[in-house]
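A.B. asks: the sequence and its predicted three-dimensional model are supplied below.
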Amino acid sequence: MTQRKTNIRWYILVLLFIATTLLYIDRAALGIMAPYLQDKIGWTEKQYGFITSSFMIGYALCFLVMGRIIDKFGSRKGYALSMGLWSIAQLTHALVSSWIGFAVSRFALSIGQSGNFPVAIKTVTEWFPKKERALAIGIFNGGSNVGTMIAPLVIPLVVLFFDSWRVAFIWTFPIALVWIVGWLLLYSKPEQNRKVNAAERDYIASDAEVATTEKTPYHKLLKYRAMWAILVGKFIADPIWWFYLFWGAKYLHAKFGLNLSEIGLPFFVIYLVSWGGGISLGWLSSRLLRQGNDLNRGRKLSMLTCAVCALPVMFVPHVDNVWAAVALIAVAAGGHCGWSANIFSLMGDVFPQKVTASVSGLGGFAGAMGGVIVPVLIGIVLQDAGTEGYVIPFTVAAFGYFIALSIIQLLVPRIKPIKM
């Protein structure tokens, strides 16, 4: 009789989802508190841009280091280290009271958080066959949406209950400790996990490449056009997500007067819709592959759909109804989540598993470098133009994915696995 396979890989995926949710709760806290803290501490728009850029500088640099650490020490130790570092850094936000102090804390936060996606992508490539990876990544990446949905609902309540803004950066620490203990106790590779039967192991390995211990330096990865396509896809698209995350609450506060107690529901809607959009667009890619489309057609059709979803966000500065603006941002954010799922899947589609975390680290570096530049530019624009200046970043957010996809097509006319 044919053995019915276990489904332990989906339980591992739940752990990835929870970790990514915690990551974005911690990351989103500053964006939610920014209008309040800007009034209380006295930031200027330029200084807020520098605070945001300090996070992205550390994120960019440490992405490269974390990718190597995770490839060397593995997912189990790498994830525990990553979450431990960022949880401690999150606590330091409660100890500062100047924009420079927040910049230092954000830099420290970025060191730990830079490990999340390299290790999560590596875990997915270890636990899922290629035909399920886009869906799996779409699900765990949905933690970014759930985290940013929970944050505006819970953080204002916690702050108002304790009457202290510092609590916004403290309350997730015990949850992170519980997750770290659970991860260390429960995680192991499929071939070492006693709960995984032979049928599931065979299914996971059905399209796996031959394992190797050979190390591949970054400069060798940069020789491949596909690597540059991934870098472009991250460099252009990731800053758009940072813009929604770090300036979304500030925009709704500036344009529509939403305060700390009113910001929760609109952002809950934005990230609920974007989460569903990200999973749906990740499912679309997997569906196209299951229907017999090759990697090239399946991935690029999905990425084109994501770009189309983002296009209407250019109208956000021109609407006078808060829920119309929320709807436009929500659809565009869903398009971004689908785009990210496909870019992450592309890393595993093209490159062998032994360098997946390194490829993800380089991609994260490119996205973070875009995030270093863009916040400073946004701060300069808004400092001089005020609310009217939001027309520029929303327009760039609308067309950025089309530009990225066009460059990807030029660099990689046909997506196919690379033999290294």
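C.D. replies: In hand now; what should we look at?
A.B. asks: make it CA atoms for all contacts and neighbour counts henceforth
C.D. replies: Fine.
A.B. asks: buried residues of the helix or strand encompassing Leu30, list them for me.
C.D. replies: Using DSSP states H and E, the element containing Leu30 is helix 8-41. The neighbour-count check on helix 8-41 (16 or more other CA atoms under 10 Å) flags 9, 12-13, 15-38 as buried.
A.B. asks: packing partners of whichever helix or strand comes after that helix?
C.D. replies: As assigned by DSSP H and E, the chain's next helix or strand after helix 8-41 is helix 45-73. Helix 45-73 sits against helix 75-92, helix 99-113, helix 116-127, helix 356-385, with contacts defined as 3 or more CA pairs under 8 Å, 6 or more residues apart in numbering; DSSP states H and E.
A.B. asks: tell me which other helices or strands the last one touches.
C.D. replies: The helices and strands touching helix 356-385, judged by 3+ CA pairs under 8 Å, 6+ apart, are helix 45-73, helix 116-127, helix 218-221, helix 225-256, helix 322-350.
A.B. asks: quick check: angle from the last one to helix 356-385?
C.D. replies: With axes from the mean of the first three to the mean of the last three CA atoms, to 10 degrees as the criterion, the two stretches helix 322-350 and helix 356-385 enclose an angle of 150 degrees.
A.B. asks: what residues sit buried inside helix 322-350?
C.D. replies: 325-350.
A.B. asks: for that helix, packing partners?
C.D. replies: helix 130-162, helix 225-256, helix 264-290, helix 295-310, helix 356-385.
A.B. asks: could you dump these into TSV with mean neighbour count and distance to Trp179 added?
C.D. replies: Below are the helices and strands packed on helix 322-350 laid out as TSV (neighbours: other CA atoms under 10 Å; distance: least, CA to CA, whole Å):
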stretch	mean neighbour count	distance to Trp179
helix 130-162	23	14
helix 225-256	21	24
helix 264-290	23	22
helix 295-310	21	32
helix 356-385	23	22
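A.B. asks: for these, which has the smallest mean pLDDT value?
C.D. replies: Among these, helix 264-290 carries the lowest mean pLDDT, a mean of 80.
A.B. asks: hmm, back to that, can you list the helices and strands packed on helix 356-385 in CSV and add distance to Asn145?
C.D. replies: Rendered in CSV, the data for these read as follows (distance: least, CA to CA, whole Å):
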stretch, distance to Asn145
helix 45-73, 19
helix 116-127, 14
helix 218-221, 31
helix 225-256, 10
helix 322-350, 9
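A.B. asks: those: which one's closest to Phe315?
C.D. replies: Phe315 lies closest, by CA to CA, to one member of the helices and strands packed on helix 356-385: helix 322-350, at 7.7 Å.
A.B. asks: just the mean pLDDT for the closest one, thanks.
C.D. replies: 89.
A.B. asks: could you tell me the angle between that helix and helix 264-290?
C.D. replies: Using the same axes, to 10 degrees: helix 322-350 against helix 264-290 is 30 degrees.
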